[in-house]
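Asker: can't give you the sequence, but here's the structure:
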């Protein structure tokens, strides 16, 4: 962040907290100011990811899929099918068909996630309505491949920004907690039903092209966010491990495990320093929030993130997620 902007934010926060608090603890005021700077920096980064995602999805839809009556999987696929059958404007369909999934996301994931997703889907609807993009090609293979690629890039970038522009993943996360199905299985079943519907109401050829579009989009999403699995295992090494542990529990609503370890970076013969290593499991959509909370406490913390195919038990399944403020 620009030093001038940072100083303006810090000074304004200090003035506010000095006015609202009688104790005027300078250390506490500085801490709150630093935390606000971190939050703003992460929100700007997430917003940029979201805008790039919206523009990419708009290009995939208007430049390839829409002019040629092609469809995709997920909520976008449902919207495209309904448009072909009824003639209702796609921006309107995308916004209103996604609304139930956003409400579900509010309860299943977090208020912050739901609000950012509302903005993402609203931006996508406005982008489709306001930005004219001519048809780029009429070749079926190119339409399915590159339409899926740009749409998948858009979905992946939005997820990296902590939001969605297609509600399929929210439904998959919710159902995986209620059943024995994995996230991948739910998404697959959901899309098979969409493709069968397209084959019945539109044509078998369009349904087959839709499958190709879906695979292109899903592989692109995999590439952008390193997989669409629900859970991520996060290992955190920091001297401020107790503060980070408290943040994970109180602000993320997650459990964690503490490993007793020793710092291995030392000269030969030196005594190794004892330390605690934190391990927690979160959903991919919560990764942005966790990074923000860690950065507030220790921006030099060493963080290792690994995809997990599925998880069972503990606070993942037995207890509902607390809403993240």
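Answerer: Cool, the structure landed. In this text the structure is predicted, and so the values were computed from the model without any measurement.
Asker: quick one: low-confidence ranges for the protein?
Answerer: 1-2, 5-6, 9-10, 13-14, 16-26, 183-184, 225-230, 309-325 (pLDDT under 70).
Asker: Can you give me the distance of residue 4 to residue 295?
Answerer: Using C-beta to C-beta, to the nearest Å, residue 4 is found at 21 Å from residue 295. Every residue, glycine included, has its C-beta placed from N, CA and C.
Asker: Would you mind identifying the next helix or strand past the helix ranked longest in the chain?
Answerer: Ranked by residue count, the top helix of the chain under DSSP state H comes out as helix 26-60. Going down the chain from helix 26-60, the next helix or strand is helix 74-86, by DSSP states H and E.
Asker: Residues touching that following helix, excluding its own?
Answerer: The list of residues contacting helix 74-86 from outside it, by C-beta atoms under 8 Å, 6 or more residues apart in numbering, reads 57, 61, 65-66, 69-72, 88-90, 93-94, 97-98, 101, 151, 166-168, 187, 190-191, 194, 197-198, 201-202, 210, 214.
Asker: residue ranges for the helices of the stretch 201-325 of the chain, please.
Answerer: 204-225, 241-250, 287-297, 314-317 (DSSP state H, counting those that start in this stretch).
Asker: Serialize those to a markdown table and add fields for mean neighbour count and distance to residue 123.
Answerer: A markdown table is the format used below for the helices of the stretch 201-325 of the chain (neighbours: other C-beta atoms under 10 Å; distance: least, C-beta to C-beta, whole Å):
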| stretch | mean neighbour count | distance to residue 123 |
| --- | --- | --- |
| helix 204-225 | 20 | 18 |
| helix 241-250 | 17 | 30 |
| helix 287-297 | 20 | 17 |
| helix 314-317 | 15 | 31 |
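Asker: For residue 49, which non-adjacent residue is spatially closest?
Answerer: residue 161 (3.2 Å; C-beta to C-beta, 6 or more residues apart in numbering).
Asker: number of nearby residues for that neighbour?
Answerer: Neighbour count of residue 161, defined by other C-beta atoms under 10 Å: 25.
Asker: Quick check: it touching residue 291?
Answerer: No: look at residue 161 against residue 291 with C-beta atoms under 8 Å: they stay out of range, at 12.0 Å.
Asker: that older thread, identify each buried residue in the longest helix of the chain, please.
Answerer: 29, 32-38, 41-43, 45-47, 49-60 (16 or more other C-beta atoms under 10 Å).
Asker: From residue 143, how far out is residue 83?
Answerer: According to C-beta to C-beta, residue 83 stands 16 Å off from residue 143.
Asker: for residue 272, same thing?
Answerer: For residue 272 relative to residue 143 (C-beta to C-beta), the value is 59 Å.
Asker: One more: residue 213?
Answerer: 8 Å.
Asker: hey, what's in contact with both of these two?
Answerer: Residues touching both residue 213 and residue 143 by C-beta under 8 Å, 6+ apart: 65, 70.
Asker: so residue 156 makes contact with residue 52?
Answerer: No: at 10.0 Å, residue 156 does not count as touching residue 52 under the criterion of C-beta under 8 Å.
Asker: Looking at residue 83 and residue 143, which is more packed in?
Answerer: Neighbour totals were compared for residue 83 and residue 143, and residue 143 leads with 24 against 19 (other C-beta under 10 Å).
Asker: any idea of the angle the strand or helix carrying the more buried one forms with helix 74-86?
Answerer: Secondary structure assignment for residue 143, by DSSP H and E: helix 140-160. On the basis of axes from the mean of the first three to the mean of the last three C-alpha atoms, to 10 degrees, helix 140-160 is oriented at 130 degrees to helix 74-86.
Asker: just checking, what packs against the next helix or strand after helix 140-160?
Answerer: Next in sequence after helix 140-160, counting helices and strands by DSSP H and E, comes helix 168-178. Using 3 or more C-beta pairs under 8 Å, 6 or more residues apart in numbering; DSSP states H and E, the elements in contact with helix 168-178 are helix 90-108, helix 183-201.
Asker: winner for burial among those?
Answerer: helix 90-108 (a mean of 19; mean count of other C-beta atoms under 10 Å).
Asker: Show me what that one is in contact with.
Answerer: 61, 66, 75-76, 78-80, 82-83, 113-114, 117-118, 121-122, 124-126, 128-129, 164, 166-168, 170-171, 173-174, 177, 321, 323.
Asker: so how far is that helix off the chain centroid?
Answerer: 15 Å (C-alpha atoms, centre = their mean, to the nearest Å).
Asker: now swap in stretch 41-59 and tell me
Answerer: 11 Å.
Asker: The chain should start at 385 in everything you say after this.
Answerer: Sure, I'll start counting at 385 from here, so that last one is stretch 425-443.
Asker: distance of residue 663 from residue 640?
Answerer: 6 Å.
Asker: Repeat that for residue 536.
Answerer: Applying C-beta to C-beta to residue 536 and residue 640 gives a distance of 32 Å.
Asker: These two - which one has more neighbours?
Answerer: Using other C-beta under 10 Å, the more surrounded residue of residue 536 and residue 640 is residue 536, with 27 against 20.
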